[in-house]
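Undergrad: Let me see the structure of the following:
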Amino acid sequence: MNGKTERRLKSSSLIAGGIFLIFILFIIGCATTMPQKQKTGAMLWGENCNRCHNVRTPSEFEDAQWDVVVSHMRTRANLTANEAEKIVGFLKVAN
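TA: Model (predicted):
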């Protein structure tokens, strides 16, 4: 395989992974009526992170990198410590 084909396959798999994650979030429901304390990390990730970003697959970063990313974005997204913890937990498990 040449480099161009490999990049195309990698890009296609990232898009497919993103679509899959959006589908999963849709299935589990990002209900706006549910109190924040009861929401899962996946729900919080879908509601908060994807409002400004294109969906990123959890495998895009390693666990330690997700700690840094979520810590940085916590202030930007106005997340509580508990919400950020849930999001990081989801990303690490899904990674």
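
Undergrad: right, and Cys49 touches Ala77 too?
TA: Yes. The pair Cys49 / Ala77 is scored as a contact, 7.2 Å apart, by Cβ atoms under 8 Å. Placement of C-beta: from N, CA and C, glycine included.

Undergrad: what's the next secondary structure element after the helix or strand of the chain with the lowest mean pLDDT?
TA: Lowest on mean pLDDT, DSSP states H and E among the helices and strands of the chain sits helix 3-28, with a mean of 68. Downstream of helix 3-28, the first helix or strand assigned by DSSP states H and E is helix 41-48.

Undergrad: and the next element down the chain from that next one?
TA: Moving toward the C-terminus from helix 41-48, the next helix or strand (DSSP H and E) is helix 63-77.

Undergrad: C-terminal to that following helix, what's the next element?
TA: helix 81-94.
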